[in-house]
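**Student:** Attaching a predicted model along with its sequence, questions to come.
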Amino acid sequence: MDRRSFLATAAAGLFAPRARTLRADPFTLGVASGDPSADGFVLWTRLAVDPLGGAGRGGMPPRDVEVGWQLAADERFSKIVRSGTVTARARDAHSVHVEVEGLDPGREYFYRFRAEGRVSPEGRTRTAPAAHAETPLTFAVAACAHFEHGYYTAYRRLAEQEPDLVVFLGDYLYEYAPGGYTALSGKRVRTHTPGKCATLADYRLRHAQYKSDRDLQAAHAAAPWLAAFDDHEVENNWAGPVSSTGAPAFAARRAAAFRAYYENMPLRRGSLRGAALRVNRRVSWGALARFHLLDTRQFRDDQACRDGVRSGCDERLSTRRTLLGDRQWRWLEEGLRDSPARWNLLGQQIMMAHRDYRTGPGREVNLDSWDGYAAERTRVLDAMSRTANPVVLTGDAHMHHLADLKTDFDDPDSPVVARELVATSIASDGDGYRDRRWIADSLAENPHLSYLDQRRGYLMARLTGDGLTVDFRTLEYVSRRGAPARTAHRATIPAAPGT
Ligand code: FE
Ligand code: CA
């Protein structure tokens, strides 16, 4: 069926018995796909005729809406390989999550939706290669997109590179009220929806605001995403059941944030489990790579020594402290041990490498990062040392970092277990800069770090059986639209011999 007959079918009233028509285009939030397997993926959209309409309902009527979807083997939709209908329920904020199965491995596909005679933008996605295939993979890594701090040009540039996959590691949105978090740049280019997010309606509305951005939509439409939340999708620096601000009824608030996150992201339907949201999962890319996505928020102990960047906190070293929680830790250890993949990529939120923020004698560490859970970091690094070619992918820091991960960061002779690639922010903290003195001091203080960059951007990595090449992409500004992206630094990590 071509586009014309697709429209004609819709217009001819496939859903005509209801005789209801939305008052405007409901596809204002774009389309997305995610979690590719060798035979399928999730397709997502959410209907909203007016994204900033009342109570996070996107201007939608309080009724369910039938949504058709099509999957094609070609960009012109001349070869439809699957199609179907799904109900966008009012109680799900009119979001849909279609899990497609039974497709060919290692193939590009195109998809679109329709609702009551309107057709969505088109998205590109792909299945993972077959289990035995060592097909190369190009993937982007991104994080931290504060809407007020900058335009999403980095998302646009990432989309233009057409990666096979986008790994998104948290702070997809921020919960703050307008002006509640001032960028390092001091600039605010646009304004959050009113109030700090606390209720389901607040989070839905905030997601709709972010999703309205065309550059963000382009990044979703370009490739399937592997997404996991960090703190700001709920609240700054929350930890397990604990609110960092002592927010009342935090359990209910967290559940609302999780629900809105699920409704707005291309996650599999089984992700949302009552008041919990499961994002730790494994995704295989043929024989080449296995992604181990972690959740470093939901199951962690509260930050040691009342959180912050501090010196002199012994509690952070306690072997009783956990970041992953016991179940996830065992799941990770098992997954690393049993992985048949040539590369094992841990996608997670916070800096794993030790980071001393105090120049000269003494040290100050960020207690929200793995430095605050140092014994568990050692356990994880031990487990990584027994798996093939481990690489850690990280968000949160609002700076690019390239780090060596070692079981003893104070010992220059401690072997390098893995490399850590930290993606700077898409927009958070606004226009970046290069403070050469500060960078030199930081590298001297942390000899296991080899690259630091305070500009906005993302990572673009090319993975083959032989090695991983990562481009640290940067933009000179985000306070105006249209910045070009360039590769400020390139690093190659060769596969270990004999793996
Ligand atoms: Fe952030
Ligand atoms: Ca120091």
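**Tutor:** Structure received. Ligands and ions are numbered 1, 2, ... in the order given.

**Student:** Within its local environment, how many residues does the closest residue to Leu475 other than its chain neighbours see?
**Tutor:** Spatial nearest neighbour of Leu475, excluding adjacent residues (CB to CB, 6 or more residues apart in numbering): Ala483 at 4.2 Å. Yep, even glycine has a C-beta here, placed from its N, CA and C like the rest. By other CB atoms under 10 Å, the residues close to Ala483 number 22.

**Student:** Can you classify Thr424 as helix, strand or coil?
**Tutor:** coil (DSSP: H, G, I helix; E, B strand; the rest coil).

**Student:** From Ala72, how far out is it?
**Tutor:** Thr424 sits 35 Å away from Ala72, taking CB to CB, to the nearest Å as the criterion.

**Student:** So these two - more neighbours on which side?
**Tutor:** Thr424 (31 against 21).

**Student:** tell me which residues in stretch 404-411 are buried?
**Tutor:** Under the neighbour-count criterion of 16 or more other CB atoms under 10 Å, stretch 404-411 has 404-407, 409 buried.

**Student:** Correction: the previous question concerned stretch 93-100.
**Tutor:** 93-98, 100.

**Student:** Show the contacting residues for Ala154.
**Tutor:** Residues near Ala154 by CB atoms under 8 Å, 6 or more residues apart in numbering: 142, 426-427, 456-458, 473, 475, 478, 485.

**Student:** can we see that at 10 Å?
**Tutor:** The contact partners of Ala154, taken as CB atoms under 10 Å, 6 or more residues apart in numbering, are 140, 142, 145, 215, 219, 423-427, 455-458, 473-475, 478, 483, 485.

**Student:** Repeat that for Leu52.
**Tutor:** Leu52 makes contacts with 28, 58-59, 193-194, 205, 208-209, 212, as judged by CB under 10 Å, 6+ apart.

**Student:** What values do phi and psi take at it?
**Tutor:** phi -100, psi 20 (degrees, to the nearest 10).

**Student:** before we move on, back to that, which of the contacts of Ala154 fall in strands?
**Tutor:** Secondary structure defined by DSSP state E assigns 140, 142, 456-458, 473-475, 485 of these to strands.

**Student:** Reformat those residues into a markdown table and put distance to Ala198 next to each item.
**Tutor:** Formatted as a markdown table, the ones in strands among the contacts of Ala154 follow (distance: CB to CB, whole Å):
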| residue | distance to Ala198 |
| --- | --- |
| Ala140 | 32 |
| Ala142 | 27 |
| Arg456 | 29 |
| Gly457 | 32 |
| Tyr458 | 30 |
| Arg473 | 35 |
| Thr474 | 35 |
| Leu475 | 33 |
| Ala485 | 35 |
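
**Student:** where does this structure have its least confident helix or strand?
**Tutor:** helix 3-11 (a mean of 54; mean pLDDT, DSSP states H and E).

**Student:** just to revisit the earlier point, which one of the buried residues of stretch 93-100 sits closest to Ala128?
**Tutor:** Checking the buried residues of stretch 93-100 against Ala128 by CB to CB gives Val100 as the nearest, at 13.0 Å.

**Student:** Now secondary structure, distance to Trp329 and pLDDT too, for the buried residues of stretch 93-100, in TSV please.
**Tutor:** Formatted as TSV, those follow (DSSP: H, G, I helix; E, B strand; the rest coil; distance: CB to CB, whole Å; pLDDT from 0 to 100):
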residue	secondary structure	distance to Trp329	pLDDT
Ala93	coil	34	98
His94	coil	37	98
Ser95	strand	32	98
Val96	strand	34	98
His97	strand	28	98
Val98	strand	33	98
Val100	strand	32	98
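
**Student:** quick check, nearest of those to Ala252?
**Tutor:** Ala93 (17.2 Å).

**Student:** got a list of what the closest one touches?
**Tutor:** 46-48, 56-58, 60, 200-201, 203-205, 207-208, 259-260, 262-264.

**Student:** at 6 Å instead, please
**Tutor:** Residues in contact with Ala93 (CB atoms under 6 Å, 6 or more residues apart in numbering) are 204, 263.

**Student:** Now do the very next helix or strand once past the least confident helix or strand of the chain: distance to the chain's middle.
**Tutor:** Downstream of helix 3-11, the next assigned helix or strand under DSSP states H and E is strand 31-37. Distance of strand 31-37 from its chain centroid, counting by CA atoms, centre = their mean, to the nearest Å, is 12 Å.

**Student:** Good, wrapping up.
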